[in-house]
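1. just coords:
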Ligand code: AMP
């Protein structure tokens, strides 16, 4: 089933119930049809791409559902993306339209050549106008592309994971079944809608369940706690950094919730413990990725084992695999985690090479997605644990930074001969990107950071830039990042 099938079922059952913020299912559907007609007038047709590049707001939800109805493909774009990232994503996806807001419009305009639709005008047309224009038939099928979500790539250029209508329906169904989500639930989400966590699991899960989804433009810990105290709110989804902030901000009794879910990066055991103590609730940690939705999650009914990511989500299979044969390893043996199931994406947009590299077919003929994460099965607790990464990824506050992308940008700057970016452990954000540069002539770290900020999202800008005479390299000339990390451990008190 597709997400739209599930939405239609919720609409038929509860047209007058709140779906998103103060918009009911009936009103949301009418808005979607109006926006679909507007987008069609603007030239968006089946199979074409529309980029959604704005903060969390109703226009995002309307345009998302309208594009799905039209059979167009949604490309969510991180609102923090700047010139280098935007140029690549909009060009690679060959976006027909870009929905931008007052805050993001200038960045799209600076690129030139993009057809922009205003988020405010989408909201204006959503509440007024004809709903009879209709959407094309047949409705998109389970194998049609619904989304292209860009994930930072190991090559330094992000790759677009193609998520089908069936994948999106599967992600929503998995979380609804696993977390016993019902129409009585209200999810408060401070997560960005441009990420699969907010859009796929949060919004889509809620629409399937027939519940209410409440969002804010951005996360603010004090405000979030107030929102969670609302009578109707039963659930909260966040990234580990948000839980650290909630712990700092809690003043008075904790809100009464049914479920708190954390994911996108490892949740530290001490945060899990402190939250259990202060909020009286064990956070349910899950593990997922843009390419495969959610693969693992702690058991809803418990025990929830801190520092673990639990068991396979409904319908999903995982394997801790031997790197040579891809056969399953035994308990306590560390290997790459492979993932298989109905929410695994089809591959990367226009990138057969990256698609081929991302999957492996085992001796039994099963096609598995290679997560790039190292995992182990803990037989004593009957849970999986993520213990490391094969891919060179830094996760900071839930956002991904691929070092090579930042290094490429650093290397373009005058005076930089070579650079290397590594992750520094950080109690709040999990990791922070830090750069080492070999320079020529005079060096001004602040000027480098300003120049980078024009091209890259703020979370990718190295927190510190260290000058190094010569980057440590192996015999083949490859930079030995573990030695740089060791240097940081010596120089940075924790
Ligand atoms: P994204 O595609 O942005 O969702 O990032 C996916 C990556 O985030 C995964 O491949 C993991 O490296 C990491 N990740 C997600 N959830 C967890 C978790 N619970 N524990 C550790 N790493 C995680």
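-> Structure's in. What do you need? Everything numeric in this text was worked out from a predicted model, so none of it was measured.

2. Which single residue of the stretch 1-150 of the chain ends up nearest the ligand?
-> Nearest to the ligand in the stretch 1-150 of the chain, going by C-beta to the nearest ligand atom, is residue 149, at a distance of 7.9 Å. The C-beta positions use only the backbone N, C-alpha and C, and glycine is treated the same way.

3. Residue numbers of the chain in contact with the ligand?
-> For the chain, the contact set with the ligand under C-beta under 6 Å from any ligand atom comprises 151, 263-266, 285, 287-290, 309, 371-373, 386, 389, 393, 395, 400.

4. buried subset of those?
-> 151, 263-266, 285, 287-290, 309, 371-373, 386, 393, 395, 400 (16 or more other C-beta atoms under 10 Å).

5. before we move on, back to that, and for the residue of the stretch 1-150 of the chain closest to the ligand, the neighbour number?
-> 25 (other C-beta atoms under 10 Å).

6. what do you get for residue 54?
-> 27.

7. Kindly report the same for residue 412.
-> Residue 412: 12 neighbours (other C-beta under 10 Å).

8. how near is residue 74 to residue 389?
-> Taking C-beta to C-beta, to the nearest Å as the measure, residue 74 falls 28 Å from residue 389.

9. Can you pull the domain assignment for this protein?
-> 3-197, 219-388, 394-487 (automatic domain parsing).

10. Can you check the pLDDT for the nearest residue to residue 103 once chain neighbours are set aside?
-> Residue nearest to residue 103 in three dimensions, not counting chain neighbours: residue 55, with 6.5 Å by C-beta to C-beta, 6 or more residues apart in numbering. Here, the pLDDT recorded for residue 55 equals 96.

11. Over to the one 10 residues further on?
-> With respect to pLDDT, residue 65 has a value of 98.

12. Low-confidence regions, the stretch 151-300 of the chain specifically.
-> Within the stretch 151-300 of the chain, the segments meeting pLDDT under 70 span 152-156.

13. One more pass at 50, please.
-> Across the stretch 151-300 of the chain, nothing is flagged by pLDDT under 50.

14. Quick check, the residue nearest to residue 103 in contact with residue 100.
-> No. Applying C-beta atoms under 8 Å, one finds residue 55 not in contact with residue 100, separated by 10.5 Å.

15. more crowded one of those two?
-> residue 100 (24 against 18).

16. List the contacts of the more buried one.
-> Going by C-beta atoms under 8 Å, 6 or more residues apart in numbering, residue 100 touches 53-54, 107-108, 116-119.

17. Dump the residues you listed into a markdown table; add secondary structure as well.
-> Shown next, in a markdown table, are the contacts of residue 100 (DSSP: H, G, I helix; E, B strand; the rest coil):
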| residue | secondary structure |
| --- | --- |
| 53 | strand |
| 54 | coil |
| 107 | helix |
| 108 | helix |
| 116 | strand |
| 117 | strand |
| 118 | strand |
| 119 | helix |
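
18. helices and strands around the helix ranked longest in the chain, which ones?
-> In the chain, taking DSSP state H as the definition, the longest helix is helix 25-41. Helix 25-41 is packed against helix 3-13, strand 18-20, helix 58-70, helix 119-126, with contacts defined by 3 or more C-beta pairs under 8 Å, 6 or more residues apart in numbering; DSSP states H and E.

19. Would you mind getting the angle between the first one and helix 58-70?
-> What it means is helix 3-13. 110 degrees (axes from the mean of the first three to the mean of the last three C-alpha atoms, to 10 degrees).

20. buried set for helix 3-13?
-> Buried residues in helix 3-13 (16+ other C-beta under 10 Å): 3-4, 6-8, 10-11.

21. so how far is residue 470 from the residue lying farthest from the centre of the chain?
-> What lies farthest from the middle of the chain is residue 441; by C-alpha atoms, centre = their mean that is 39.9 Å. Using C-beta to C-beta, we find residue 441 at a distance of 16 Å from residue 470.

22. for the residue positioned nearest the centre of the chain, what are its contacts?
-> In the chain, the C-alpha nearest the mean C-alpha coordinate belongs to residue 195, at 3.4 Å (C-alpha atoms, centre = their mean). Residue 195 makes contact with 76, 78, 149, 264, 290, 398, according to C-beta under 8 Å, 6+ apart.

23. before we move on, the earlier item: for residue 302, which of the helices and strands packed on helix 25-41 is the nearest?
-> The closest of those to residue 302 is helix 3-13. By C-beta to C-beta, the value is 27.5 Å.

24. Identify the residues contacting that closest one?
-> 19, 25-26, 28-29, 65, 68-69, 139-140, 146, 165, 168-169, 172-173, 183, 204, 207-210.

25. what about burial for those, which qualify?
-> Buried among these by 16+ other C-beta under 10 Å: 19, 25, 28-29, 65, 68-69, 139-140, 146, 165, 168-169, 172-173, 204, 207-210.

26. Which residues are in contact with the closest residue to residue 281 other than its chain neighbours?
-> Leaving aside its sequence neighbours, residue 281 sits nearest to residue 260 (C-beta to C-beta, 6+ apart; 5.8 Å). Counting by C-beta under 8 Å, 6+ apart, residue 260 touches 235-238, 243, 275, 279, 281, 283-284.

27. same question, residue 434
-> Per C-beta under 8 Å, 6+ apart, neighbours of residue 434: 421-424, 462-466, 488.

28. Please repeat the previous calculation with a cut-off of 6 Å.
-> 422, 424, 462-464 (C-beta atoms under 6 Å, 6 or more residues apart in numbering).

29. So how do I select the buried members of those residues in ChimeraX?
-> Buried residues within the contacts of residue 434, by 16+ other C-beta under 10 Å, are selected in ChimeraX with:
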select :422,424,462
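
30. returning to that earlier point: now render the buried residues of helix 3-13 as a markdown table, adding pLDDT and distance to residue 329.
-> Output for the buried residues of helix 3-13, formatted as a markdown table (pLDDT from 0 to 100; distance: C-beta to C-beta, whole Å):
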| residue | pLDDT | distance to residue 329 |
| --- | --- | --- |
| 3 | 98 | 35 |
| 4 | 98 | 40 |
| 6 | 98 | 36 |
| 7 | 98 | 41 |
| 8 | 98 | 43 |
| 10 | 98 | 42 |
| 11 | 98 | 46 |
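
31. Of these, just say which sits nearest to residue 47.
-> residue 4 (16.0 Å).

32. Is the closest residue in space to residue 302 that isn't next to it in sequence in a helix, a strand, or coil?
-> Distance criterion C-beta to C-beta, 6+ apart; nearest residue to residue 302, sequence neighbours excluded, is residue 282 at 7.2 Å. Here residue 282 is recorded as coil under three-state DSSP.

33. Just the endpoints, please. Distance across stretch 273-288?
-> 22 Å (C-alpha to C-alpha, to the nearest Å).
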